[in-house]
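Engineer: What shape does this take:
(one chain, ligands or ions: 2)
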Amino acid sequence: MVQLSKDVRIALIGGGKMGEAVMGGWIASGKEPAASLTAENFVVANPGLPRREHLEQAYGVACVEQAVDIDAADIVVLAVKPQVMMGVLEAISSEPQFAECLFVSIAAGMTTERLQTALPSRARLVRTMPNTPLLVGAGATTVCGSASATEGDIELVQALFSCLGAAFVVDEDDMDATGALSGSGPAYVAAMIEALTAAGAGEGLDAGLAEQLALQTVFGTAELMRETGQTPEQTRIAVCSPGGSTLAALAAMDEAGLSRAYEAGVRAAVQRSKELGAC
Ligand SMILES: NC(=O)C1=CN([C@@H]2O[C@H](COP(=O)(O)OP(=O)(O)OC[C@H]3O[C@@H](n4cnc5c(N)ncnc54)[C@H](O)[C@@H]3O)[C@@H](O)[C@H]2O)C=CC1
Ligand SMILES: O=C(O)[C@@H]1CCC=N1
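Structural biologist: Numbering: from 1, shown residues only. Ligands and ions are numbered 1, 2, ... in the order given. Sure, this is the predicted structure:
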């Protein structure tokens, strides 16, 4: 098992939604290698004062306005939007405190080749694609190395994100597709719950009840499949009585282009990731 020194210094650049979720998850985690991490191990750089005040109050972490104000770091988590990433890296690339850091990017689309051009020459880099359920310890994160990352770096980052759910090492060529599937995926599932709620309300159900039924159905189906090891196909077939209402529903959904809609959505997200990577 990979270990972290209890004095490890982790800098978070970008204290927004995902940065907070990752840092907060590590601080709260009882799992190795995050178990020993406390607020003392972190410093956050974020230009907006309200976010800094929130993070200081909620976690007791030290916050600074700009990344150049960070005085020391071993690991740097890059949690800014792709549109500002290169500017952030250029501002710190010649700062001596970052010269030998392990950088961990969570940004959509930005390739390790591109990021590495703006990093200090001796810095190492691992790229990840997490998702928002890591807020509740149920994230899905993909991890890939770079030309500069060691096997130990990749193993450490996978282990750290495993503290926040499941983490899978993949080839970098698959990162945009994994972002389009699991990175954006919570939005698709939430949109499905919204659509089912609206459809139930359209059939006369109370909207609050319809939403609770849709949510519990998504949760219960995922639990059922995880606990029994059923495949999606087995789960689907088990619900479909011959000549029954579920088969009628799936046929109508197919006719309305549901699976083509998922294909088109994931393709659009991959395309947009590639555009963001070129920002
Ligand atoms: N929201 C999501 O579900 C996911 C987001 N991501 C990636 O996470 C990254 C962050 O996204 P969010 O947290 O959603 O965005 P966000 O907008 O909530 O957070 C970004 C933070 O960066 C700060 N920031 C802007 N310029 C800065 C600078 N020069 N130095 C330091 N901080 C700066 C902003 O003030 C903001 O607090 C993005 O690269 C995104 O692609 C990855 C997976 C999922
Ligand atoms: O929408 C986005 O660009 C980010 C990346 C994956 C989820 N949110």
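Engineer: Phi, psi for the closest residue to S162 other than its chain neighbours please.
Structural biologist: Once flanking residues are discounted, S162 sits nearest to K31: 7.4 Å by Cβ to Cβ, 6 or more residues apart in numbering. Yep, even glycine has a C-beta here, placed from its N, CA and C like the rest. Backbone torsions for K31, taken as degrees, to the nearest 10, come to phi -100, psi 150.
Engineer: Also G257?
Structural biologist: phi 90, psi 30.
Engineer: What is the subsequent helix or strand relative to the lengthiest helix in the chain?
Structural biologist: When the chain is parsed with DSSP state H, its longest helix is helix 207-228. Once the chain leaves helix 207-228, the next helix or strand it forms, by DSSP states H and E, is helix 232-239.
Engineer: Next one: S121 from G87, what distance?
Structural biologist: Distance of S121 to G87, given as Cβ to Cβ, to the nearest Å: 19 Å.
Engineer: What of Q271?
Structural biologist: 24 Å.
Engineer: for the closest residue to ligand 2 within the stretch 151-279 of the chain, what are its contacts?
Structural biologist: Nearest residue of the stretch 151-279 of the chain to ligand 2 (Cβ to the nearest ligand atom) works out as G183 at 3.4 Å. Taking Cβ atoms under 8 Å, 6 or more residues apart in numbering, we find G183 in contact with A108, M129, P130, N131.
Engineer: neighbours around the third one, how many?
Structural biologist: Here the count is done by other Cβ atoms under 10 Å, and P130 has 25 residues near it.
Engineer: That one reaches V157, doesn't it?
Structural biologist: No. Assessed by Cβ atoms under 8 Å, P130 is found out of contact with V157, at 10.7 Å.
Engineer: before we move on, which element is A167 in?
Structural biologist: Assigned by DSSP H and E, A167 falls within strand 165-169.
Engineer: Up against ligand 1, what does this protein have?
Structural biologist: Residues of the chain that fall close to ligand 1, judged by Cβ under 6 Å from any ligand atom: 13-19, 45-48, 51, 67, 79-82, 84, 88, 106-108, 129-132, 183.
Engineer: Would you mind checking those for buried ones?
Structural biologist: 13-15, 18-19, 45-46, 51, 67, 79-80, 82, 88, 106-108, 129-132, 183 (16 or more other Cβ atoms under 10 Å).
Engineer: Now, those that are in strands?
Structural biologist: With DSSP state E as the criterion, strands contain I13, A45, M129 from among these.
Engineer: Which SSE is immediately downstream of the strand holding A167?
Structural biologist: Sequence-wise, the next helix or strand downstream of strand 165-169 (DSSP H and E) is helix 175-178.
Engineer: near ligand 2 at all, that next one?
Structural biologist: No. Helix 175-178 is not in contact with ligand 2 by Cβ under 6 Å from any ligand atom; minimum separation 9.8 Å.
Engineer: list the contacts for L224?
Structural biologist: Neighbours of L224 in contact, by Cβ under 8 Å, 6+ apart: Q230, T235.
Engineer: That one and A190: what is the separation?
Structural biologist: Distance, L224 to A190, using Cβ to Cβ: 20 Å.
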